[in-house]
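Trainee: sharing a model that was predicted from the sequence below.
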Amino acid sequence: MNDGAQLICYADRLAGHLPGLAALLDGPLGDFAGAHILPFFVPFDGPDTGFDPIDHSAVDPRLGSWADIRALADSGKAITADLIVNHMSAESAEFRDWLANGSASRHDGLFLRFGDVFPSGGTEAEITAFHRPRPGLPFTPYLGGDGRRRLVWTTFMPGQVDINVRHPAGRAHLAAIAEVFAASGVSTARIDAVGYAVKTPGTDSFMTPQTLDYIGELTSLCHSLGLRVLVEIHSHISQQLAVAPLVDQVYDFATPALILDALGRGAVDRLVEWDAIRPRNTVTVLDTHDGIGVIDAGPAAGRPGLLDQDEMAAIFRAADAATRGDSGRASVTPAWCDLPHQINSTFFDVLGREAETYALARAFQFFLPGTPQVYYVGLLAGANDVDLWRSTGEGRDLNRRRYSPEDLAAALDRPVVRAILGLVRLRREPVFAGVYDLRQLGRGRLELSWRRDADQLTLTADFAARRWSIAGLVAGRRLACASVEDLARLAGPAGS
């Protein structure tokens, strides 16, 4: 199946609001088959940029309404929205009511308390075993209306209170959100932070068998409403392989690191190894709103990775050098890691802003099986927004630039951006629903090909020389591209 390419963006940072995004997807970005619109709920601009919803079932009126989402879907675009299963904002009406009224609240049971996991108390070993993406312990004390303190699970930030996904109140809450999605034209629920959602004493509570069971339950719920399921997990590749059969799609977070490794070593052996086992129902990315994933390709808990620790460290060193130290300063190393689990930088900056090398990386992404998804800053070949990062102190903001209409118009005129749009247009061709093959041609060269009936397209990617070419026959016409300018011509003239 060829679903075409997907855009991932913040509506406000790319287009100002949802109607503005619709205009882009009906105009210069019209070749995208759909869009993952990052949290547009109330509020879209909280401390965790929308991943801490106060009202997960409402569109922030500053961005638009559910009617705007429905209009996008009715225009033929496949819309993905985030179902944030692990937590909600401590400012939500539900949490405030529970704090005020305790067991008398109709939301009693919705929030996960320390005693829900450790009814008889937890030992030091049990409490400190939990896998957490932030330093410290995953609890925050909150003062209730009766004057008593309640210890609430806060896996991510103190203001993001965890949902008790095993309690009927938690199940009902998430089911109601999924129902709103389905009724409003959303086609795919991206399940966010589910790896942390099920707490199981005696384990690290990250991607345990109990978590996999819950993912299966949640998938059944979404399927009953007509929603597809995309699961977001940053972890060892074995976890992606375990989740892939349970859901419609998983992310391929390993490929970005493997591309950087191939460019650094001039060798493609790790890409070949991964291609032989990678799930085919993937959403393939190079960068996202959270940065460039690296941990997914490395070792974990004694299990070897596609890359070893030294090779991962080399990727970080190269990125740091290319960004003049910005990515090193902005990337955070969790307490449980020796290295950051992601690179905070734009992909374009990590490649030294070399347009042809960037086109090589994007062409490789687009020729892989699965659904290529392009982050809006990556689409626009954006540079690191150092001013935004320094103003907020949030390292991920290096790669979360806000585009004014003037900035956007200028970016869309650049040849490297037109080249990416050329790949987006090319990915619509039916040949990408045909038979795929990958061959290694030498230490640093690969050939990725697609065939369907009389159509055939081949990408030759030389990671050692940083050269590439695309050639073949599509719909009776010969195609040959070997430069940014060639790809840009596929997109048509600027403004088309």
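Mentor: Here it is on my side, so go on. Residues are numbered from 1 along each chain as shown.
Trainee: helices along the stretch 351-496 of the chain, start to end?
Mentor: In the stretch 351-496 of the chain, the helices defined using DSSP state H, counting those that start in this stretch lie at 355-367, 376-379, 386-392, 405-412, 415-426, 484-490.
Trainee: tell me which of these sits most buried.
Mentor: Among these, ranked by average contacts under mean count of other C-beta atoms under 10 Å, first place goes to helix 376-379 (a mean of 26). Any C-beta I mention is one placed from the backbone N, CA and C, and that applies to glycine too.
Trainee: re the thing from before, tell me which of the helices of the stretch 351-496 of the chain sits nearest to residue 118.
Mentor: Checking the helices of the stretch 351-496 of the chain against residue 118 by C-beta to C-beta gives helix 386-392 as the closest, at 35.6 Å.
Trainee: pull the distance from that closest one to the chain's centre.
Mentor: 22 Å (C-alpha atoms, centre = their mean, to the nearest Å).
Trainee: switch the helices of the stretch 351-496 of the chain over to JSON lines; also include mean pLDDT.
Mentor: Output for these, formatted as JSON lines (pLDDT from 0 to 100):
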{"stretch": "helix 355-367", "mean pLDDT": "98"}
{"stretch": "helix 376-379", "mean pLDDT": "98"}
{"stretch": "helix 386-392", "mean pLDDT": "95"}
{"stretch": "helix 405-412", "mean pLDDT": "97"}
{"stretch": "helix 415-426", "mean pLDDT": "98"}
{"stretch": "helix 484-490", "mean pLDDT": "97"}
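Trainee: could you dump the ones you listed into JSON lines and include distance to residue 102?
Mentor: Formatted as JSON lines, those follow (distance: least, C-beta to C-beta, whole Å):
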{"stretch": "helix 355-367", "distance to residue 102": "51"}
{"stretch": "helix 376-379", "distance to residue 102": "44"}
{"stretch": "helix 386-392", "distance to residue 102": "36"}
{"stretch": "helix 405-412", "distance to residue 102": "49"}
{"stretch": "helix 415-426", "distance to residue 102": "53"}
{"stretch": "helix 484-490", "distance to residue 102": "61"}
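Trainee: can I assume residue 159 is in contact with residue 91?
Mentor: Yes - counting by C-beta atoms under 8 Å, residue 91 is a contact partner of residue 159 at 7.2 Å.
Trainee: that older thread, just so I know, which of the helices of the stretch 351-496 of the chain lies nearest residue 437?
Mentor: Closest among the helices of the stretch 351-496 of the chain, using C-beta to C-beta: helix 355-367, at 10.6 Å.
Trainee: alpha carbons only: can I get the closest one in CSV?
Mentor: What follows is helix 355-367, C-alpha atoms only, in CSV (Å, rounded to 0.1, in the frame of the first residue of the first chain):
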residue,chain,number,x,y,z
ALA,A,355,21.9,20.5,0.6
GLU,A,356,23.0,17.5,-1.5
THR,A,357,23.7,15.4,1.6
TYR,A,358,20.4,16.4,3.0
ALA,A,359,18.7,15.4,-0.3
LEU,A,360,20.5,12.0,0.0
ALA,A,361,19.1,11.4,3.5
ARG,A,362,15.6,12.4,2.5
ALA,A,363,15.6,10.3,-0.7
PHE,A,364,16.7,7.3,1.3
GLN,A,365,13.9,8.0,3.8
PHE,A,366,11.3,8.3,1.0
PHE,A,367,12.4,5.0,-0.7
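Trainee: packing partners of it?
Mentor: helix 254-265, helix 347-350, strand 371-375, helix 415-426, strand 445-452, strand 455-462, strand 467-474, helix 484-490 (3 or more C-beta pairs under 8 Å, 6 or more residues apart in numbering; DSSP states H and E).
Trainee: just checking, what packs against the first one?
Mentor: Packed against helix 254-265 by the contact rule (3+ C-beta pairs under 8 Å, 6+ apart) you find helix 269-277, strand 292-293, helix 309-322, helix 355-367.
Trainee: turn those into a markdown table, including distance to residue 42.
Mentor: Shown next, in a markdown table, are the helices and strands packed on helix 254-265 (distance: least, C-beta to C-beta, whole Å):
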| stretch | distance to residue 42 |
| --- | --- |
| helix 269-277 | 40 |
| strand 292-293 | 29 |
| helix 309-322 | 36 |
| helix 355-367 | 34 |
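Trainee: now for those, which one comes closest to residue 193?
Mentor: The nearest among the helices and strands packed on helix 254-265, by C-beta to C-beta, is strand 292-293 at 14.9 Å.
Trainee: now render the helices and strands packed on helix 355-367 as a markdown table, adding distance to residue 402.
Mentor: Formatted as a markdown table, the helices and strands packed on helix 355-367 follow (distance: least, C-beta to C-beta, whole Å):
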| stretch | distance to residue 402 |
| --- | --- |
| helix 254-265 | 23 |
| helix 347-350 | 17 |
| strand 371-375 | 14 |
| helix 415-426 | 17 |
| strand 445-452 | 35 |
| strand 455-462 | 33 |
| strand 467-474 | 32 |
| helix 484-490 | 25 |
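Trainee: for residue 181, which of the ones you listed is the nearest?
Mentor: Residue 181 lies closest to strand 371-375 among the helices and strands packed on helix 355-367, at 18.6 Å (C-beta to C-beta).
Trainee: and the closest one, which strands flank it?
Mentor: strand 6-9 (parallel), strand 282-284 (parallel) (DSSP bridges).
Trainee: how about the ones you listed in JSON lines, adding mean neighbour count?
Mentor: Putting the strands paired with strand 371-375 into JSON lines (neighbours: other C-beta atoms under 10 Å) gives the following:
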{"stretch": "strand 6-9", "mean neighbour count": "24"}
{"stretch": "strand 282-284", "mean neighbour count": "24"}
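Trainee: make a markdown table out of those and add distance to residue 395 and mean pLDDT.
Mentor: A markdown table is the format used below for the strands paired with strand 371-375 (distance: least, C-beta to C-beta, whole Å; pLDDT from 0 to 100):
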| stretch | distance to residue 395 | mean pLDDT |
| --- | --- | --- |
| strand 6-9 | 19 | 98 |
| strand 282-284 | 24 | 97 |
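Trainee: redo those strands as JSON lines? Include distance to residue 126.
Mentor: Shown next, in JSON lines, are those (distance: least, C-beta to C-beta, whole Å):
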{"stretch": "strand 6-9", "distance to residue 126": "37"}
{"stretch": "strand 282-284", "distance to residue 126": "35"}
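Trainee: ok, which of those comes nearest residue 20?
Mentor: Using C-beta to C-beta, the nearest of those to residue 20 is strand 6-9, at 10.8 Å.
Trainee: how far does that closest one sit from the chain's center?
Mentor: Remark: strand 6-9 is offset 10 Å from the chain centroid, using C-alpha atoms, centre = their mean.
Trainee: packing partners for the following helix or strand past it?
Mentor: As assigned by DSSP states H and E, the chain's next helix or strand after strand 6-9 is helix 11-15. On a contact count with 3+ C-beta pairs under 8 Å, 6+ apart, helix 11-15 meets helix 18-25.
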